[in-house]
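Trainee: here's a sequence, model it:
(one chain, ligands or ions: 1)
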Amino acid sequence: MKTTRPIFPAPPGPIIHTERLVLRPTRLSEVDAYHEMRSNAQVMLNSVSGLVDADREATQLFLNKLVNGKNGPTYTFSIYVADKDASADHGGAGGGDDGGGDAPATGERFVGNVGFYDMAKPAVGYMLRREEWGKGYATEALRGALNNYWRLPRHAVDSEDDWPELKRYQTIEQDGSVREGVRAMIEVKNAGSKRVVGKCGFALVEGKEWVPAPDHRGPEKLVWYYLEKPL
Ligand SMILES: CC(C)(COP(=O)(O)OP(=O)(O)OC[C@H]1O[C@@H](n2cnc3c(N)ncnc32)[C@H](O)[C@@H]1OP(=O)(O)O)[C@@H](O)C(=O)NCCC(=O)NCCS
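Mentor: Numbers count the residues shown, from 1 in each chain. Alright, predicted model coming up:
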């Protein structure tokens, strides 16, 4: 099917500012902050494996895939919030020694991650430190990231259309192409995450779900949400 895809800036950027948050391109040197977040069982409960990262190396591998992509380029951001009690070292923000000039400023606290992955079937993902839940940060970060994502320059692509369930949510443009969209894959019991995408305008894709093998330790059932690019 003919549709469009974003062209990501190189080097990664920009820094996105929302009312309370600063979204900075994710850096490999943030491994300590990510490891602390991904060592919490509640945070990892609804991840694909359902397990915390075994050690710092496992988090580094995760971060490598997040930044460099296992299915092509990604567009990923670390979320920070102004914190008058924090310093650049506090919260494991990490030094800017991997080529990024986007290291957090003194007084910013690491909150989590939001980003876009798998441009064959573009999807959004996000994860926050347990201590930061319930403050509206995920919704604010996702809104900010989406606003930026939809404004990126586009190129035309011919994409495989293997999702009949999506058709009723897709607009066909005058030239016959399909308006671009983004998906979110969510554990069916993850009420907080379902609410986040709902507040950001995503619709539940009826009839599309994934039930893993019974011995799988991660999610019980995944459902999909979908959002079209605004005009
Ligand atoms: C899901 C997650 C990102 C939400 O972050 P958050 O900053 O707390 O989200 P927000 O505060 O922006 O919004 C959460 C909404 O869900 C609601 N909510 C949270 N838990 C809920 C529950 N158990 N039942 C019903 N509603 C719930 C909140 O009240 C809020 O809605 P409101 O603004 O209408 O009150 C966070 O819990 C997290 O990181 N979880 C672990 C990783 C994860 O699940 N990522 C998503 C994978 S798809």
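Trainee: may I have the strands that pair with the helix or strand of the chain with the lowest mean pLDDT, each with its orientation?
Mentor: Lowest by mean pLDDT, DSSP states H and E among the helices and strands of the chain is strand 203-210, with a mean of 93. Strand 203-210 has its sheet partners listed here by DSSP bridges as strand 222-228 (antiparallel).
Trainee: which residues in this structure form helices?
Mentor: Remark: helices assigned in the chain by DSSP state H are 31-37, 41-44, 56-68, 137-151, 191-199.
Trainee: re earlier: the least confident helix or strand of the chain: which residues count as buried?
Mentor: 204-205, 208 (16 or more other CB atoms under 10 Å). C-beta coordinates here come from the backbone N, C-alpha and C atoms, glycine included.
Trainee: stretch 192-206 too?
Mentor: Neighbour-count burial for stretch 192-206, counted by 16+ other CB under 10 Å, picks out 193-194, 196-197, 200, 202, 204-205.
Trainee: for this protein, what lies in contact range of the ligand?
Mentor: Taking CB under 6 Å from any ligand atom as the contact definition, the chain meets the ligand at 43, 46, 126-128, 133-139, 186, 190-193, 195-196.
Trainee: could I have the ChimeraX command that selects the buried members from the residues you listed?
Mentor: Selection of the buried residues among these in ChimeraX, burial being defined by 16+ other CB under 10 Å:
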select :43,46,126,127,128,137,138,139,186,193,196
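Trainee: Asn68: neighbour count?
Mentor: Applying other CB atoms under 10 Å, we find 12 residues neighbouring Asn68.
Trainee: show me what contacts it?
Mentor: Contact analysis of Asn68 by CB atoms under 8 Å, 6 or more residues apart in numbering lists Thr74.
Trainee: which of the helices of the chain sits most buried?
Mentor: Ranked by mean neighbour count under mean count of other CB atoms under 10 Å, those are led by helix 31-37, which reaches a mean of 22.
Trainee: helices or strands up against it?
Mentor: If you count contacts as 3 or more CB pairs under 8 Å, 6 or more residues apart in numbering; DSSP states H and E, helix 31-37 packs onto helix 56-68, strand 108-117.
Trainee: can you list the ones you listed in a markdown table and add mean pLDDT and distance to Lys221?
Mentor: A markdown table is the format used below for those (pLDDT from 0 to 100; distance: least, CB to CB, whole Å):
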| stretch | mean pLDDT | distance to Lys221 |
| --- | --- | --- |
| helix 56-68 | 97 | 23 |
| strand 108-117 | 97 | 21 |
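Trainee: Asn148: which of these is closest?
Mentor: For the helices and strands packed on helix 31-37, proximity to Asn148 was assessed by CB to CB; strand 108-117 is nearest, at 9.9 Å.
Trainee: show me where pLDDT drops low in the protein?
Mentor: The model of the chain has pLDDT under 70 over residues 84-101, 161.
Trainee: run the last query once more with 50
Mentor: Applying pLDDT under 50 to the chain picks out residues 87-100.
Trainee: OK, contacts around Asn148?
Mentor: Residues in contact with Asn148 (CB under 8 Å, 6+ apart) are 14, 16, 23.
Trainee: try Thr26
Mentor: 12, 63, 66-67, 76-78, 113, 115.
Trainee: Pro212: neighbour count?
Mentor: Neighbours around Pro212, by other CB under 10 Å: 14.
Trainee: who are the contact partners of it?
Mentor: By CB under 8 Å, 6+ apart, the residues touching Pro212 are 218-222.
Trainee: farthest pair within those residues?
Mentor: Farthest pair in the contacts of Pro212 (CB to CB) is Gly218 and Lys221. Separation: 10.6 Å.
Trainee: give me the more crowded residue out of the two.
Mentor: Gly218 (15 against 12).
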